[in-house]
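Enquirer: Below is the sequence, then the predicted model.
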Amino acid sequence: MPDVYSSTTAPNPQTSCLVVPSSAMEKVRFGIKVVQVLLSFVAFILEETVLRCFSCLALYFFEFVSCTAFLFTLLLLILLTTTLQRRVGISCWPKLDFVYTAVIAVLFLISSVAFASNHGGSTVEKSAVAFGFLASLMFLLDIGLFWKNNGFPFSGNGKHGSGGGGVAAGTQASPEAAKLNTPTSGGE
């Protein structure tokens, strides 16, 4: 007996939860973000295994930056590579990504330098500093790649839109297709 019912829908490859490459994330930058998450996590774990601190302030600052970089980069990576970015309500993802990455790169570099200059000399501390510098390098590489591919997100001539929802510079606004407020003869 032949099948009476056949499948009525075709599979849609766009229903995948992970969307790479997308308008917000290229494949190369996705790989760099994954490496940033991993290096930040390793730096944080190594820092947490330090038993005694020579200068605790530098250690605590490095702990804060590495933990923040790990958690927020993971969150940003999830948001930029899934369909969640459309549900969050943020329209300026390129600017957010650029500013976040630049701030974390600077903070990671400062905290790594501070921890490198004020640690007790143990192997764990040296390893944590090394992973901190590697993570800083990856954040700086990400900024450079972003700038190379997309331009500076705050300039009017970048490759990204303004994200403000207005008319792009140098273009004319088209007239309305249908008038919304037409006068009525009812005297309302």
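Expert: That came through fine.

Enquirer: Quick one: residues contacting the nearest residue to Phe70 once chain neighbours are set aside.
Expert: Spatial nearest neighbour of Phe70, excluding adjacent residues (Cβ to Cβ, 6 or more residues apart in numbering): Ser40 at 3.9 Å. (Glycine included, C-beta is placed from N, CA and C.) Applying Cβ atoms under 8 Å, 6 or more residues apart in numbering, we find Ser40 in contact with 66, 69-70, 73, 108, 135.

Enquirer: Find me the pLDDT at Ser40, would you?
Expert: Looking at Ser40, its pLDDT is 97.

Enquirer: any idea how far it lies from Val50?
Expert: Distance, Ser40 to Val50, using Cβ to Cβ, to the nearest Å: 16 Å.

Enquirer: Please apply the same query to Phe133.
Expert: 17 Å.

Enquirer: Which strand or helix spans Asp104?
Expert: That one is not Asp; residue 104 is Ile. helix 93-117 (DSSP states H and E).

Enquirer: Check what contacts that helix and list those residues.
Expert: 24, 40, 47, 58-59, 61-62, 64-66, 68-69, 72-73, 76, 80, 85, 90, 125, 128-129, 132-133, 135-136, 139-140, 142-143, 146-147, 150, 153-154, 160, 163.
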